[in-house]
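test case, fold it:
(one chain, ligands or ions: 1)
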Amino acid sequence: MTAIVWFRRDLRLNDNPALVRALAGHTSVVPVFCLDDRLLSGRHRCAPRAAFLRGCLLELDRRLATLGSGLVVLSGRPEAALPRLAARLNAEETFAAADVSPFSRRRDNATALALRSAGSALRLQPGVFAVDDLSALRTGAGGPYSVFTHFHRRWLREPRRTVLPAPDALPALPSSVQASGVPGFGEALAHARFQAGEAAGRASMFEFTKSGVGNYAELHDAVGRPGTSRLSPYLHLGCISPRELESLLPDGTGGTAARRQLCWRDFYAHVLLHNPGNARAEQQEHLRGRVAWVGSVQLFDAWRTGQTGYPLVDAGMRELARTGYMHNRARLVVGSFLVKDLGIDWRWGERWFMRTLLDGDEANNNGNWQWIASVGVDPQPPSRRMFNPVLQQRRFDPDGTYVRLNVPELREVPNEYLAEPWMMPDGIQRAARCRIGVDYPAPIVDHAQARREAIARYARAREARQVMLPARHPPSAVDRPADRSRA
Ligand SMILES: Cc1cc2nc3c(=O)[nH]c(=O)nc-3n(C[C@H](O)[C@H](O)[C@H](O)COP(=O)(O)OP(=O)(O)OC[C@H]3O[C@@H](n4cnc5c(N)ncnc54)[C@H](O)[C@@H]3O)c2cc1C
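Numbering: from 1, shown residues only. Sure thing, here's the model as predicted:
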């Protein structure tokens, strides 16, 4: 009896329910990855993430080989490639970890149908989230959640399954298939800060849960301190299991705060599962298509290249460019700045993040962008989620470690002026070798003025009876017309 294990966002051997289920009922198990062109060239394409994915697949292949098996990499769409393999192997069942994005659900429906015609049943298993069945979490009225605190309370009560150990050995591949090796793609070097694969992910997970988590509650917002887990790229591709991570979190304030943060990941997956339209449009119906966004490519370019003149915003955007990662506090500040201060459509920022983040994840990214744009679930008045970049810097990077690391031209600026370098007198600018408007830009907008305009923009949207034309598509740096039909 043969089964296929179709790896997607569960690139690991530990706590992998799809793999364990396949091994439990079959003497022959064939591990497969489908190199779908939509992953590499669709609207969410990202060269560093592709390189990270390739590194994860290489390691998975090596680990499978050590246990007596190997990874079969198929090229093309899974709905075409998998049924051909299933028919060749006579594989009655194909196991995979269920996912939530509209793209993955369409793909899985199409693949399930095609597999059925080839005599194989697609069996979706848990493994991508901390809770096994996100659709089972329902409000008292029986609907999906849209308020995080209520979801969190319910999520904590949901029973968890036991963490599954990695297998000690695997059946050899049948003679009709061969471990094909992982072909070259995503050749751009993955950012060195994140070593790809399950082993590196587990090492970081143990380090965090044994020592780092102790200070998580106090330090997770301090952008210049190593206060968070940096596990998001590994969670995104499933090199580590969110269920296992949660099981390792200790009791106490640090563990409780980290568990709550992990719950946000399940929350946004739950939200996208129940609101697939959010992938393109605002969750808040009364704001959908009604906010008059500013379609300025010039302002957007200043934002994405870290040239806004606001040091914390520029530090965040440059950290992203340099490492493929950005601290959560900085993501909040740059997100608020793009949408509220510059008035640019949140979808431009969402798309840019998907193109650049190693952890770029449709549910998390979309949910957070809608949150910061005040158009998503859990709505609050727009002014509540409008961050003052100067005050945020003074509070979360008081000694300037983060800004100086990421914006070298500000390195010698005294602390006193670091959050507002444009206030430096000429003599201090010269001494700090940072002339505003020459070495570092003057602010591209005035925050106080931009704040007033943002509040007015949202007020007009709320009052608008007629649907306004949405801002035009993201500029060419983010998108090209041909991309629009892609995944
Ligand atoms: C505008 C914006 C866009 C974002 N886009 C993404 C994205 O594409 N992918 C992504 O994984 N996260 C995204 N986040 C959430 C968050 O910033 C990252 O998950 C976090 O910074 C990752 O760092 P960490 O692993 O050290 O997090 P930790 O603080 O150590 O948290 C542990 C894990 O909890 C989860 N988590 C923490 N905060 C959040 C959150 N606010 N929402 C959802 N999950 C969370 C992540 O899986 C994270 O790895 C975004 C946040 C904002 C404000």
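
L74 falls within a helix, correct?
No: read with DSSP: H, G, I helix; E, B strand; the rest coil, L74 is strand and lies in no helix.

thought it was touching C34?
Yes: here L74 lies in contact with C34, judged by Cβ atoms under 8 Å, at a distance of 4.9 Å. Placement of C-beta: from N, CA and C, glycine included.

shared neighbours, the two?
A81, L82 (Cβ atoms under 8 Å, 6 or more residues apart in numbering).

more neighbours: the two, which one.
Of the pair L74 and C34, C34 is the one with more neighbours under other Cβ atoms under 10 Å, namely 22 against 19.

so which strand or helix has that one?
C34 belongs to strand 28-35 when assigned by DSSP states H and E.

would you mind pulling up the elements that that strand packs against?
The helices and strands touching strand 28-35, judged by 3 or more Cβ pairs under 8 Å, 6 or more residues apart in numbering; DSSP states H and E, are strand 2-7, helix 17-25, helix 47-66, strand 72-75, helix 78-89.

winner for burial among those?
strand 2-7 (a mean of 26; mean count of other Cβ atoms under 10 Å).

mean confidence for that strand?
For strand 2-7, mean pLDDT is 98.

in its sheet, what does it sit against?
As defined by DSSP bridges, the strand partners of strand 2-7 come to strand 28-35 (parallel), strand 91-97 (parallel).

just put these in CSV and tack on mean pLDDT and distance to the ligand.
Shown next, in CSV, are these (pLDDT from 0 to 100; distance: least, Cβ to the nearest ligand atom, whole Å):
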stretch, mean pLDDT, distance to the ligand
strand 28-35, 97, 21
strand 91-97, 98, 16
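
got CSV for those, with distance to G186 too?
Shown next, in CSV, are these (distance: least, Cβ to Cβ, whole Å):
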stretch, distance to G186
strand 28-35, 10
strand 91-97, 21
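
so how far is C434 from the residue sitting furthest away from the middle of the chain?
Distance from the C-alpha centroid of the chain peaks at G427, with 43.8 Å (Cα atoms, centre = their mean). Using Cβ to Cβ, to the nearest Å, G427 is found at 12 Å from C434.

ok, which residues in this protein are in contact with the ligand?
Residues of the chain found near the ligand (Cβ under 6 Å from any ligand atom) are 220, 228-232, 235-236, 261-262, 264-265, 268, 328, 331-332, 335, 353, 357, 359-361, 364-365, 368-369, 372.

just these: which are in helices?
Counting by DSSP state H, the part of the residues of the chain next to the ligand found in helices is 232, 235-236, 261-262, 264-265, 268, 328, 331-332, 335, 353, 364-365, 368-369, 372.

drop anything exposed from those residues.
The neighbour-count test (16 or more other Cβ atoms under 10 Å) applied to those identifies 232, 235-236, 262, 264-265, 268, 331-332, 335, 353, 364-365, 368-369, 372 as buried.

point out where the chain drops to low pLDDT.
For the chain, the stretches flagged by pLDDT under 70 are 188-192, 465-487.

pop the domain breakdown of it in here.
Domain ranges of the chain: 2-128, 130-163+198-274, 278-485, per automatic domain parsing.

mind putting those domains into CSV with distance to P183?
CSV is the format used below for the domains of the chain (distance: least, Cβ to Cβ, whole Å):
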stretch, distance to P183
domain 2-128, 6
domain 130-163+198-274, 18
domain 278-485, 21
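
and the residue farthest from the centre of the chain, that's in a helix?
Yes: assessed by three-state DSSP, G427 belongs to a helix.

measure it to the ligand for me?
Distance from G427 to the ligand, counting by Cβ to the nearest ligand atom, to the nearest Å: 38 Å.

one more: G437?
Separation of G437 from the ligand (Cβ to the nearest ligand atom) stands at 29 Å.
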